[in-house]
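In: Provided below are the primary sequence and the corresponding predicted coordinates.
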Amino acid sequence: MATAPQTQIPGYSPGLEDVIAGTSAISKVDPQGDELLYYGYKVSQLCEQSNFEEVSYLVLNGKLPTKTEFEAFNKKLVQERNVPEEILSYLCKMPEKAHYMDILRSGVSLMAHFDPQVEDNSKEAELNKSIKLIAKMPTLLAARIRALKGEKPVAPNAKLNHAANFLYMLTGKEPDADFAKALDVSLICYAEHGFNASTFTARVIASTLSDMHSCVTGAIGALKGPLHGGANEHAMYMLLKIGDPSKAEQWIRDALAKKEKIMGFGHRVYKKKDSRAPILKEWGWKMAKKLKQTKWHEMQEIVERVLMSEKKLFPNVDFPAATLYYLLDLPIEADTPLFVVARMSGWCAHIMEQRIGNRIMRPESIYTGPEPKDFVEMAKR
Ligand code: ACO
């Protein structure tokens with residue numbers, strides 16, 4: 001049996017904390033919480049002045065598109081929204097209890113079989129595959145959400161942008177413009193974030209020269225965990241358990257006394273704040289006031305205050321995303337899958353970046369097992 005990790009050994013950093021595992025030009029994640037940058041552009045500005053499609057172009061290509069470049073890119077994204085019928089009908093029939101993340105993971109795996117460029121790791125092919133993966137994720141997710149309600153998929157609407165079209169595919173009705181923009185902003189905030197666990201997973205797989213679909217399938221598995229992307233849905237379950245702002249303070253104090261982790265708080269890299277959280281919080285409050293449903297945000301304010309005063313912990317992007325998505329009337333189980341919808345751009349960008357000057361990732365471990373001993377025949381054990 002393995003022994004407990006020994007943390008004092010030189011060169012060993014549990015959880016790879018502070019270990020530099022590569023270089024990347026895609027995003028700048030500042031430990032002090034200065035603004036997150038995508039290829040030098042502030043995410044807050046991108047949220048105000050851009051849209052998820054343009055941000056996807058930026059992270060995939062390393063520059064903002066000209067009008068012509070954007071139109072060509074967007075045209076491909078819209079054209080690629082359909083998911084092969086065989087995949088849609090198969091995944092919509094999977095057992096009800098299958099997690100949406102597992103459905104998306106299987107979906108990407110199945111899509112590989114339908115992509116003629118699956119084994120082509122050239123830049124050109126990987127840009128094409130990135131566009132297809134980004135375009136198809138919302139369609140698959142919306143179809144599965146509807147299937148669980150016994151409803152048939154709604155075909156994508158070419159007139160709507162990525163975020164608005166996702167909301168449209170859930171109901172068959174064109175969404176409110178503020179709802180669509182709120183979702184678009186969340187997709188921009190979630191699009192890319194350095195060497196986080198899922199992106200690192202994708203890069204490890206890419207480093208073996210495996211194909212893009214395999215890299216993304218692994219990344220989805222890594223994102224599912226509650227310590228990573230799964231935190232947004234778990235944060236909402238927590239708020240539902242608390243139930244009312246009047247109970248929030250005591251609930252959190254009790255949870256902290258029991259040494260429970262509060263989902264949506266803390267971060268491995270950020271020490272003071274996560275600059276994405278206030279952006280989503282502002283949009284959440286805007287939606288809450290519009291819908292006259294401020295209870296969840298009132299509760300969030302209390303939870304934030306207690307966590308800051310008691311543990312110096314700040315909300316990460318997942319905390320405000322949880323309530324924002326709840327107000328958009330999305331099933332809670334779809335929160336982490338929406339992170340997939342957004343992060344697909346970042347993952348694909350990192351996979352392509354990993355190809356440049358690639359070296360297989362192969363760290364070492366410290367052996368903690370027994371010294372050599374002789375094999376014992378079964379009868380003598
Ligand atoms: N609630 C309560 N206590 C916390 C929290 C939290 N959310 N986060 C950290 N702490 C405490 C730990 O209990 C620990 O305290 P101790 O030293 O007294 O034991 C200390 O802060 C350090 O925490 P670690 O878990 O060791 O920090 P690490 O860097 O390994 O983990 C992580 C970072 C996983 C994000 C952690 O803060 C956490 O579990 N947060 C909750 C899950 C979450 O929100 N994940 C989303 C992250 S952002 C993203 O992936 C999009």
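Out: Received the coordinates, thanks. Numbering: from 1, shown residues only.
In: Let me see the backbone angles for the closest residue to the ligand within the chain.
Out: When scored by CB to the nearest ligand atom, the chain has Gly266 as its residue closest to the ligand, at 2.4 Å. For glycine as for every other residue, the C-beta is placed from the backbone atoms N, C-alpha and C. Backbone torsions of Gly266, given as degrees, to the nearest 10, read phi 90, psi 160.
In: Setting the sequence-adjacent residues aside, check what's closest to it.
Out: Nearest non-adjacent residue to Gly266, counting by CB to CB, 6 or more residues apart in numbering: Leu313, 5.1 Å away.
In: Kindly state the pLDDT recorded for Gln8?
Out: On pLDDT, Gln8 comes in at 78.
In: hang on, the earlier thing: measure the residue nearest to Gly266 to Gly194 for me?
Out: 20 Å (CB to CB, to the nearest Å).
In: got a list of what the spatially closest residue to His228 that is not a sequence neighbour touches?
Out: Distance criterion CB to CB, 6+ apart; nearest residue to His228, sequence neighbours excluded, is Ala197 at 4.9 Å. By CB atoms under 8 Å, 6 or more residues apart in numbering, Ala197 lies in contact with Ala222, Leu223, Gly225, Leu227, His228.
In: now, which of those residues lie within strands?
Out: In strands, judged by DSSP state E, none of the contacts of Ala197 are found.
In: between the residues you listed, which has the most around it?
Out: Leu223 (25 neighbours; other CB atoms under 10 Å).
In: correct me, but that one touches Val340?
Out: Yes. Using CB atoms under 8 Å, Leu223 makes contact with Val340 at a distance of 6.3 Å.
In: okay, and the common contacts of the two?
Out: In contact with both Leu223 and Val340: Met101, Gly229, using CB under 8 Å, 6+ apart.
In: three-state assignment of Ala158?
Out: Here Ala158 is coil, with the state taken from DSSP: H, G, I helix; E, B strand; the rest coil.
In: now swap in the one 10 residues further on and tell me
Out: The three-state label given to Tyr168 by three-state DSSP is helix.
In: Give me every residue in this protein that's in contact range of the ligand.
Out: With CB under 6 Å from any ligand atom as the criterion, the chain meets the ligand at residues 15, 196, 227-229, 231, 261-268, 311, 313, 316-318.
In: Which ones among those lie within helices?
Out: Ala231, Lys311, Asp318 (DSSP state H).
In: which of these has the most neighbours?
Out: Going by other CB under 10 Å, Asp318 tops these with 29 neighbours.
In: Who are the contact partners of that residue?
Out: Gly229, Ala231, Asn232, Ala235, Met263, Gly264.
In: The second one touches Ile262, doesn't it?
Out: Pointing back at Ala231 there. No. Ala231 lies out of contact with Ile262 (CB under 8 Å); the separation is 9.5 Å.
In: Centre-most residue in the chain?
Out: Central residue of the chain (CA atoms, centre = their mean): Phe339, 3.2 Å from the mean position.
In: quick one: that one and Tyr325, what's the gap?
Out: For Phe339, the distance to Tyr325 - CB to CB - is 10 Å.
In: likewise Asn61?
Out: Using CB to CB, Asn61 is found at 29 Å from Tyr325.
In: Among these two, which residue is more densely surrounded?
Out: Tyr325 (26 against 16).
In: Next, the nearest residue to the more buried one once chain neighbours are set aside: phi, psi?
Out: Spatial nearest neighbour of Tyr325, chain neighbours left out: Asp335 (5.1 Å); criterion: CB to CB, 6+ apart. Backbone torsions for Asp335, taken as degrees, to the nearest 10, come to phi -60, psi -50.
In: Three-state assignment for Lys290, please.
Out: helix.
In: Please list all residues in contact with it.
Out: Asp178.
In: ok, now which ones touch the closest residue to Asn51 other than its chain neighbours?
Out: Leaving out its chain neighbours, the residue that sits closest to Asn51 by CB to CB, 6+ apart is Asp184, at 5.6 Å. Each residue near Asp184 by CB under 8 Å, 6+ apart is listed here: Asn51, Phe52, Asn161, His162, Ala163, Ala164.
In: What of Cys47?
Out: Val185, Ile188, Cys189, Ile279.
In: State the distance from the residue nearest to His228 to Arg343.
Out: Distance from Ala197 to Arg343, by CB to CB: 11 Å.
In: so what are the domain limits for this structure?
Out: 39-174+194-225+342-355, 231-327 (automatic domain parsing).
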